[in-house]
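*Asks:* coordinates only, no sequence provided:
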Ligand code: GLT
Ligand code: MN
Ligand code: MN
């Protein structure tokens, strides 16, 4: 019998804001009582998570005194020691406080831009103090409702200036920290700059220290944009930029749902897990999701256990797919290569191009071959539905 329980090797992490989400939405207030960061760490320890991530203000409220901050940190540290949980990632809340109503790094107000930098360097210090090696940037409010309000060019340049400043800060302080940019197309702003992982990858190439910066793609955010999440993850991986990942689920075309991982599009979740496991991704599997508003804290634990369990089941399914003789025979057939085209493919040479121009292709013959993708897909469905 396969063991579906979470193990430290899986590197399953949750944000304090995920299991600490109290169920408020734009139409209704909280449905769950407050829990302290230390209590949330114990909850995560109980369900078998490996690590916990936080925004500066998940841990320390924005108006806390130094004295209060020290007390909270002490409790949090003790909870980490008691449970064995680690803090692999930290981030800054640059969206909740009203000062960020028109963005942080891209705000038109230089005071807001300077405050956002100050808040971020303090939050980086806090993350590093707890051992974080990855620092996430989600520009939730970096956008517009009306494009008459802000120059899109200025916004891109301000974002770049801020990231360059922060990379220099990390270097200056000699922190062992990688930065990971998280895209989202909209919500809470009407439109958010750098709306997809692909945009972020392009943005990174224009930074002063591109080697320090990667991406943190989130399932729901790319599904909101109606695109194939795994394809974007593959592109990030191939570029050496998959520094972190946010797992959850989402129906396309809806509000930001942050559903339990794999609860909506099990097939997309399967291809994603298969990709991560096949390439040997070593980073955190971070669940950036929250329990339904209907749940109490027992339901929150069900939610957290469910995220991890689905991942482990899909990991087993991926191994089964890779070992399935019928599926593998079909894949071998689909990918068959008699090497007749080798003289024309691969690296460019003038001779190759000249030879290619003379080659005759029997288009109808090549096109007439059935590819058996229907059979392959149904085998995959059978496997996922547990009848294989
Ligand atoms: C917020 C957002 C997430 C981001 C978090 C990091 S906060 O919950 O919806 O996608 O990853 O700032
Ligand atoms: Mn999200
Ligand atoms: Mn996220």
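*Replies:* Thanks, I have it. Because the structure is a prediction, the values reported are computed rather than measured. Ligands and ions are numbered 1, 2, ... in the order given.

*Asks:* what's around the residue lying closest to residue 169 once chain neighbours are set aside, how many residues?
*Replies:* Closest residue to residue 169 apart from its sequence neighbours, by Cβ to Cβ, 6 or more residues apart in numbering: residue 121 at 5.3 Å. Heads up, the C-betas are built off the backbone N, CA and C, glycines and all. When neighbours are counted by other Cβ atoms under 10 Å, residue 121 registers 17.

*Asks:* check which helix or strand residue 121 maps to.
*Replies:* helix 110-129 (DSSP states H and E).

*Asks:* flag every buried residue along that helix.
*Replies:* Of all the residues in helix 110-129, those buried under the rule 16 or more other Cβ atoms under 10 Å are 112-113, 115-117, 119-121, 123-124, 126-128.

*Asks:* from those, which is closest to ligand 1?
*Replies:* residue 123 (10.6 Å; Cβ to the nearest ligand atom).

*Asks:* from residue 108, how far out is that closest one?
*Replies:* In this view, residue 123 and residue 108 are 23 Å apart by Cβ to Cβ, to the nearest Å.

*Asks:* average pLDDT for the helix holding residue 121?
*Replies:* For helix 110-129, mean pLDDT is 98.

*Asks:* same question for stretch 38-56.
*Replies:* 98.

*Asks:* that stretch and ligand 3 in contact?
*Replies:* No. With Cβ under 5 Å from the ion as the criterion, ligand 3 is not reached by stretch 38-56; the gap is at least 10.0 Å.

*Asks:* same check, this time on stretch 237-254
*Replies:* Yes. Using Cβ under 5 Å from the ion, stretch 237-254 reaches ligand 3 at residue 246.

*Asks:* quick one: end-to-end distance for that stretch.
*Replies:* This stretch, stretch 237-254, spans 28 Å end to end (Cα to Cα, to the nearest Å).

*Asks:* list the buried residues in that stretch.
*Replies:* 237, 241-250.

*Asks:* hmm, which two among the buried residues of helix 110-129 are most spread apart?
*Replies:* 112 and 128 (24.5 Å; Cβ to Cβ).

*Asks:* gap between the closest residue to ligand 1 within the chain and ligand 3?
*Replies:* Here the residue of the chain nearest ligand 1 is residue 138; by Cβ to the nearest ligand atom that distance is 3.6 Å. Distance of residue 138 to ligand 3, given as Cβ to the ion, to the nearest Å: 6 Å.

*Asks:* repeat for residue 311
*Replies:* 16 Å.

*Asks:* repeat that for residue 378.
*Replies:* Distance from residue 378 to ligand 3, by Cβ to the ion: 34 Å.

*Asks:* am I right that that residue falls within a helix?
*Replies:* Yes. Residue state for residue 378 (DSSP: H, G, I helix; E, B strand; the rest coil) corresponds to a helix.

*Asks:* what's the pLDDT at it?
*Replies:* Listed pLDDT for residue 378 reads 98.

*Asks:* now for it, how many residues are close by?
*Replies:* 10.

*Asks:* tell me what the helix ranked longest in the chain is packed against?
*Replies:* Secondary structure of the chain per DSSP state H: the longest helix is helix 297-323. On a contact count with 3 or more Cβ pairs under 8 Å, 6 or more residues apart in numbering; DSSP states H and E, helix 297-323 meets strand 12-15, helix 16-19, helix 37-47, helix 266-279, strand 285-287, helix 373-384.

*Asks:* not counting its neighbours along the chain, what's nearest residue 165?
*Replies:* residue 117 (6.0 Å).

*Asks:* for that neighbour, what are its contacts?
*Replies:* 105, 162, 165-166 (Cβ atoms under 8 Å, 6 or more residues apart in numbering).

*Asks:* just the buried members of the residues you listed?
*Replies:* Buried subset of these (neighbour count, 16+ other Cβ under 10 Å): 105, 162, 166.

*Asks:* so what's residue 62 up against?
*Replies:* 93, 96-97.

*Asks:* you'd agree it is in a helix?
*Replies:* No. Using three-state DSSP, the assignment for residue 62 is coil, not a helix.

*Asks:* which pLDDT value belongs to it?
*Replies:* Note on residue 62: pLDDT of 98.

*Asks:* near ligand 1, which residues of the stretch 151-300 of the chain?
*Replies:* 182, 218, 246, 288 (Cβ under 6 Å from any ligand atom).

*Asks:* now do 5 Å
*Replies:* The stretch 151-300 of the chain has residues residue 288 near ligand 1, with proximity defined as Cβ under 5 Å from any ligand atom.

*Asks:* for residue 306, list the residues it contacts.
*Replies:* 260-261, 263.

*Asks:* what do you get if the cut-off is 7 Å, keeping everything else the same?
*Replies:* residue 260 (Cβ atoms under 7 Å, 6 or more residues apart in numbering).

*Asks:* for residue 343, see how far away the residue lying farthest from the centre of the chain is.
*Replies:* For the chain, the residue at maximal distance from the C-alpha centroid (Cα atoms, centre = their mean) is residue 358, at 47.3 Å. According to Cβ to Cβ, residue 358 stands 11 Å off from residue 343.

*Asks:* buried residues, the longest helix of the chain. List them.
*Replies:* 297, 300-315, 317-318, 321.

*Asks:* distance check, residue 218 against residue 20.
*Replies:* 18 Å.

*Asks:* which one's more surrounded, these two?
*Replies:* Applying other Cβ under 10 Å to residue 218 and residue 20 shows that residue 218 carries more neighbours, namely 26 against 21.

*Asks:* who does that one bridge with?
*Replies:* In this entry, residue 218 is beta-bridged to residue 246, by DSSP bridges.

*Asks:* surely it and residue 286 touch.
*Replies:* No. Using Cβ atoms under 7 Å, residue 218 is not in contact with residue 286; the gap is 9.1 Å.
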